[in-house]
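J.: Here is the input, now give the coordinates:
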Amino acid sequence: MTPHDAAAPGTDDAGRQGPVHDARIVALERTWDNAPGLVGQLTAVNHSTISLRFVVTGFVFLAIGGALSMFMRLQLSWFDAEVLDPARYNQFVTMHGTTMMFLFAVPIMAGFAMYLVPKMIGARDLPFPRMSAFGYWCYLFGGIFLYSSFLFDAVPDGGWFMYVPLTDATYSPGLGADFWLIGVTFAEISAVTAAVELIVAILLTRAPGMELRRMPLFVWAILVTAFMIAFGFPPLILASILLEIQRAFDFAFFDVARGGDPLLWQHLFWLFGHPEVYIVFLPAAGVVSMVVSTFARRPVVGYTWIVMALVAVGFLSFGLWVHHMFAVGIPLLALAFFSAASMAVALPMGVQVFAWIATLWSGRPWMRLPMLYLLGFFAIFVCGGLTGVMVALVPFNWQVHDTHFIVAHLHYVLIGGLLFPLLAGLYYWLPLVSGRMPSDSIGRVGFWMVFVGFNLAFLPMHLTGLLGLPRRVYTYSAELGVHWLNLLSTAAAFLMTVGMVAVLLDVILCFRHGHRGGRNPWNAGTLEWSLAAPVPSYNFASMARIADRDPLWERAATIADVARSDGLLSDAGHGHRELLGTGIVSSAPEQVIRISRSTWLPLLSGLVLAAILACFIAKLYLPAALLALPLLGLFGRWAWTTGDPHAPPTLDAGRGLVLPSQRAARNAPGWWALVISLLIDGSLFASLVFSYFYLWLNAPAWPPAGIGLGGWTVPVLALALLLAAGATSHLAMRALHGGRRAVAIGAWIATAVAGAVFVAAHLQAMATTGSPQAHAYASVVWTLAGFHAVHVAVAVLFAGFIALRIARGRTDAWRPLDARVGAGLWRYVVGQGLVAWAVIHLFPRLA
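T.: Predicted structure coming up:
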């Protein structure tokens, strides 16, 4: 079936604007709607509400970051200008880059993903709605925390990359760097939680029949991006923690005089930084694939090739981080490898571009406003990609590395690769969110102002860079001869800003004054367009079966199927929010997932965490430690009330289908959330181990003279205790499966005791290492031991939690999820401990 054989835009197959509001529909609305008033907004966890907050907040930070850039452009518009003094210019450069990279680019695409993915895969919500809400509050509070530095005259000024030693306590003694390190790390929690949420949602909550090969390309892009976040963000989080520890407690990770190395920061930062470029771009590429297919009025060409290209980009992006370090003195052989890898990533990127062009070429393009922004994307992003190949060549990179040529390249890639697809997606899905159509005339005027303004602003920067204009410098001399080009760039930047204001004004006016768009005004083929506009809080009244990548083009009756009140999970009379869990590969129904309703827990947890970080930056370490107790209490309450603690092992899914509840299902969301979370934590731990060996490679002696290794007795005893804790957790699981409740409780208590004693024994074993302030070896070894001790402490608390759950009858042989999660956590903690023990106690003796 072609798109033109499907239902006409604006209606479902029967010409109706929405489902009949029978008793079941009313029950769905009552169950899924947010509570009224301010309380309802503060306690909301519904994915549509939270995701729109991400998008709106992202645009607010875009406006703030854009305003900072206008002051920077005014300062550079003419030689020897005095709009900003040098210190303020450095602060604005730092805050502009930080805002755009950490507070706009990633969060706003996360917002798009959290809104669209459930609707595209046929789910009512994300599987962990409270975690989504908590992530948003961390994002908002992290941004506020960062910008509160203006109130204390402690604005970060070390660049958005915060290179050391410029940002250590010696050269940045104030609180500016601390605001950056803590604020950005706080905000990054939202990206990590979103990654866990989206991976589990895509793997486990797709509509029946939506196999992996039938997922929309946007969903594929988000899945790859989420895994990239899982492996890419931990190195930066670790780097931020290490630098903050060095600043606060005088550790020596980056101090050359005490065996540290400032280049360790660059390695950790760019292990995040270059994948970050593709973390931003791949969701935008998913948007392009969706919009191109709809407005070409045909399925996208080369679906499988695009999927493979997305995966290839995700994989290759982790081998390019030294691309940003060509000028620091790396051996030539390594430079050759990373130069080749930097050029190789252009191949899968090119596959996608040619697939999009082929789709348009073989279709009948419909030139509406979203397509206009895509054409702008093609022009700008290809130029950015070409300059990317240029800077991948080491000799050329050496010449332009610290010039405005790099500024131009960066903005052509990020604005071309993110902003234009973002605006295309905004106009494409705006009728779904608002139920109304935006103004075509205002949108076109905004497009041309943004497109022309952008190119006139950043194209001349290639030339000013080649002429020698350095980046991150607040002024320049008249003899350089670039003042007229800089004046043009400044004027064009203001033109682009006016265009963005026009676009945002058009979006705002659309919600009140746009004409009604009806259902599916673009005649798109994917599942989200089967919903009424604006979308009801429960998304789908029934879970429909999907048999094609473009279900609305292949079977127009899908619109009626998802609106039925007699399908799967259509009965919400029990008052529980339910999702349908399906197989990872087969997408066959496997479980009923009951999720949480509105609650104060995410907001309260975010506020307490913000208070802890505020105390930390104020050097109030005892109050910060004491505030950890209410935070643990909130998380304990969170874990205790997850899902429906009273749900039976099986639930009626409707139409005679009886499925396990998630606590009794093998592929429970909680289990997969643990797996993904441990992958993220494992990346963090691997980054710490990498730091250890990087410092070892550059050290003349390891450990240095004066630091002893001690005997074997206490380390071996500690290792035996750790292995015993792992063994008893395994025995506890076997006892639970065998119905021996008392034995299971005792085994979990024994596990907790063994873990607690291990921590004490291992701290005793570390005594011979001496002060962590003495040398980088002691700093990294104590950090490794402390990192693992924190994990053991968490596992100890969780073991006690499971024992209590079993005693209260909420975990048993038929509902073993909590115990499975606890046993999996202990296996990981033991494995991590073995690696840490070998690095700390075995490697120095062998080396």
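
J.: quick one: contacts for the closest residue to Val45 other than its chain neighbours?
T.: The shortest distance from Val45 to any non-neighbouring residue, by Cβ to Cβ, 6 or more residues apart in numbering, is to Pro129 (3.8 Å). C-beta: built from backbone N, CA, C; applies to glycine. Applying Cβ atoms under 8 Å, 6 or more residues apart in numbering to Pro129 gives the contacts Val45, Asn46, His47, Ile50, Arg577, Ile595, Ser596.

J.: And the furthest pair within those residues?
T.: Farthest pair in these (Cβ to Cβ) is Ile50 and Arg577. Separation: 14.1 Å.

J.: Locate Asp652 within the secondary structure: which element?
T.: Using DSSP states H and E, Asp652 sits in strand 650-654.

J.: Off-centre distance for the helix or strand just after that strand?
T.: Counting by DSSP H and E, the element after strand 650-654 in chain order, helix or strand, is strand 657-660. For strand 657-660, the separation from the chain centroid amounts to 33 Å (computed by Cα atoms, centre = their mean, to the nearest Å).

J.: what's the answer for stretch 72-90, then?
T.: The gap between where stretch 72-90 is centred and where its chain is centred comes out at 34 Å by Cα atoms, centre = their mean.

J.: residues making contact with that stretch?
T.: For stretch 72-90, contacts defined as Cβ under 8 Å, 6+ apart pick out 71, 92-93, 96, 157-159, 457, 472, 474-478, 480, 483, 486-487, 489-491, 493-494.

J.: Could you tell me which of these count as buried?
T.: Using 16 or more other Cβ atoms under 10 Å as the burial test, the contacts of stretch 72-90 include 92-93, 96, 157-159, 457, 474, 476, 483, 486, 489-490, 493 as buried.

J.: of all the residues you listed, which two lie farthest apart?
T.: Gly158 and His483 (27.9 Å).

J.: these two touch, right, Cys138 and Val184?
T.: No. Using Cβ atoms under 8 Å, Cys138 makes no contact with Val184, being 11.3 Å away.

J.: and the closest residue to Phe420 other than its chain neighbours, what does it touch?
T.: Of all residues not flanking Phe420 in the chain, Phe377 sits nearest, at 3.8 Å (Cβ to Cβ, 6+ apart). Phe377 is in contact with Ala284, Val288, Gly416, Gly417, Phe420, Pro421, Ala424, counting by Cβ under 8 Å, 6+ apart.

J.: What distance do you get for Phe377 to Gly738?
T.: 60 Å (Cβ to Cβ, to the nearest Å).

J.: now what about stretch 584-593, what contacts it?
T.: Contacting residues not belonging to stretch 584-593 are listed as 127, 203-212, 568-569, 578-583, 643, 651, 653, 657, 659-662, 664-669 [Cβ under 8 Å, 6+ apart].

J.: picking that back up, and the contacts of Pro129, which of them are in helices?
T.: Secondary structure from DSSP state H places His47, Ile50 of the contacts of Pro129 in helices.

J.: In a markdown table: the contacts of Pro129, plus neighbour count, distance to Pro107 and pLDDT.
T.: As requested, these are arranged in a markdown table below (neighbours: other Cβ atoms under 10 Å; distance: Cβ to Cβ, whole Å; pLDDT from 0 to 100):
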| residue | neighbour count | distance to Pro107 | pLDDT |
| --- | --- | --- | --- |
| Val45 | 25 | 18 | 96 |
| Asn46 | 24 | 18 | 96 |
| His47 | 28 | 15 | 96 |
| Ile50 | 27 | 12 | 97 |
| Arg577 | 24 | 25 | 95 |
| Ile595 | 23 | 23 | 95 |
| Ser596 | 21 | 22 | 94 |
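
J.: With distance to Leu264 added, can I get the contacts of Pro129 in a markdown table?
T.: Shown next, in a markdown table, are the contacts of Pro129 (distance: Cβ to Cβ, whole Å):
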| residue | distance to Leu264 |
| --- | --- |
| Val45 | 39 |
| Asn46 | 43 |
| His47 | 39 |
| Ile50 | 36 |
| Arg577 | 46 |
| Ile595 | 42 |
| Ser596 | 41 |
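
J.: between the contacts of Pro129, which is nearest Trp429?
T.: His47 (14.4 Å).

J.: Tell me the secondary structure of the residue lying closest to Ala611 once chain neighbours are set aside, please.
T.: With sequence-adjacent residues excluded and distances taken as Cβ to Cβ, 6+ apart, Ala611 is closest to Leu627, at 5.5 Å. Put simply, Leu627 is helix when judged by DSSP: H, G, I helix; E, B strand; the rest coil.

J.: Count residues in the vicinity of Leu627, would you?
T.: Here the number of neighbours of Leu627 (other Cβ atoms under 10 Å) works out to 20.

J.: That one reaches Cys615, doesn't it?
T.: Yes. With contacts counted by Cβ under 8 Å, Leu627 reaches Cys615, the gap being 6.5 Å.

J.: Mind jotting down where the helices sit in the stretch 151-300 of the chain?
T.: Applying DSSP state H, counting those that start in this stretch to the stretch 151-300 of the chain gives helices spanning 176-204, 217-249, 263-296.

J.: Out of those, the one nearest Ala720 is which?
T.: Of all those, helix 217-249 comes closest under Cβ to Cβ, at 29.2 Å.

J.: any low-confidence regions in the chain?
T.: Applying pLDDT under 70 to the chain flags the ranges 1-21.

J.: farthest residue from the center of it?
T.: Glu479 (45.2 Å; Cα atoms, centre = their mean).

J.: ok, so what distance separates that residue from Gly468?
T.: Look at Glu479 and Gly468: by Cβ to Cβ, they are 10 Å apart.

J.: what comes into contact with stretch 563-573?
T.: 12, 18-20, 22-25, 27-28, 30-32, 124, 208, 532, 538, 541-544, 561, 578-580, 589, 592, 653-655, 657.

J.: repeat that for 7 Å
T.: 19, 22, 24-25, 27-28, 31, 541-543, 561, 578, 580, 653-655, 657 (Cβ atoms under 7 Å, 6 or more residues apart in numbering).

J.: In strands, which of those residues appear?
T.: Glu578, Leu580, Ala653, Gly654, Leu657 (DSSP state E).

J.: Give me the buried entries from those.
T.: Neighbour counting with 16+ other Cβ under 10 Å marks Glu578, Leu580, Ala653, Gly654 as buried within these.

J.: Could you single out the nearest of these to Val280?
T.: Of all these, Val280 sits closest to Leu580, with 31.8 Å by Cβ to Cβ.

J.: in the sheet, who's paired with the closest one?
T.: Val592 (DSSP bridges).

J.: what's the distance between it and Thr558?
T.: From Leu580 to Thr558 the distance is 16 Å (Cβ to Cβ).

J.: Could you do Leu320 as well?
T.: From Leu320 across to Thr558, the span is 42 Å (Cβ to Cβ).

J.: Look at those two and report which has more neighbours.
T.: Thr558 (27 against 23).

J.: That one: what's it in contact with?
T.: Ser530, Ala544, Pro551, Leu552.

J.: what's the closest non-adjacent residue to Phe454?
T.: Here the residue nearest Phe454, using Cβ to Cβ, 6+ apart, is Met496, at 5.1 Å.

J.: All set, thanks.
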